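Undergrad: task: produce atomic coordinates for the following.
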Amino acid sequence: MTSLRIKLFFVLLFSCLVLIGSQINFSQVLGANNQFFTLFQFFGPIAGSILGPIVGAGSVLLAEIANFLMVGKEVSLINLARLAPMLVAAYYFGVSKRKDWSIIVPVFAMALFMLHPVGSQAWMYALYWLIPIGVRVFAPNRLFFKSLGATFMAHSVGSVIWLYALPSTPELWLLLIPIVALERCLFALGISGSYLAINTLLHKLENRLPKGIIHINPKYDLTKMFSFKT
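TA: Prediction:
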């Protein structure tokens with residue numbers, strides 16, 4: 001029971017951090033009124049690694065539902081669908097295996113995008129979603145690349161939802177191509193930095209907690225990475 005309570009504490013802790021981050025705007029979503037990227041994009045996915053892919057995605061969902069209720073969004077299919085991008089990103093970031101079902105997500109996203117009348121005219125935009133597939137196959141445990149794969153997982157799901165739910169033009173999607181490159185690299189750097197910071201802090205607690213509560217990678221403990229012999 002004690003282990004369960006500690007696990008629940010960390011789930012709630014990450015949910016609170018995610019909820020706070022979702023209130024702080026980072027940049028406006030181009031082509032959408034009153035839609036913003038928030039600090040949520042910079043650390044939401046790391047819950048999947050610290051808590052495990054399933055529990056981590058669950059903590060993100062808990063925070064998103066809380067934010068949904070706080071903002072008072074209308075309960076509609078599109079608003080519910082918008083909960084999905086960061087869930088798949090958190091799951092992706094929490095898995096280190098080369099063979100995993102999550103690579104199916106960007107494959108379907110590319111297919112759905114290219115089958116859409118507007119998306120078919122800007123099909124090259126969807127090629128970004130080869131990135132999470134390539135990362136899973138060639139660099140599943142490299143922090144920055146895994147962060148990049150995670151943010152493009154969220155991007156693939158979010159873009160398809162946007163394409164099918166809101167009016168757009170091929171010109172808009174083509175205009176977004178260079179912007180997406182910069183935006184997602186910044187998000188990947190933010191995810192990597194957040195993971196290094198949280199992983200370092202929690203590494204000090206890991207030995208004091210029951211096994212399996214949190215998942216820490218000693219390789220990314222900043223105190224060890226930058227330790228020097230005197």
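Undergrad: for the rest of this, base every contact and every neighbour count on C-alpha atoms.
TA: Fine.
Undergrad: quick check: closest non-adjacent residue to residue 219.
TA: If you skip the residues right next to it in sequence, residue 219 has residue 225 as its closest partner in space, 7.4 Å away by Cα to Cα, 6 or more residues apart in numbering.
Undergrad: I'd say that neighbour and residue 200 touch.
TA: No - counting by Cα atoms under 8 Å, residue 225 stays clear of residue 200, with 10.0 Å between them.
Undergrad: what about those two, which has more around it?
TA: Using other Cα atoms under 10 Å as the criterion, residue 225 and residue 200 rank with residue 200 on top: 20 against 10.
Undergrad: what residues are up against that one?
TA: The contact partners of residue 200, taken as Cα atoms under 8 Å, 6 or more residues apart in numbering, are 220, 221, 222, 223.
Undergrad: just residue 187 next, same as before
TA: Residue 187 is in contact with 41, 42, 147, 148, 151, counting by Cα under 8 Å, 6+ apart.
Undergrad: so it: helix, strand or coil?
TA: Here residue 187 is recorded as helix under DSSP: H, G, I helix; E, B strand; the rest coil.
Undergrad: pLDDT-wise, which helix or strand of this structure ranks last?
TA: The weakest-scoring helix or strand in the chain, judged by mean pLDDT, DSSP states H and E, is strand 25-28 (a mean of 61).
Undergrad: would you map the strands across this protein?
TA: 25-28, 36-38 (DSSP state E).
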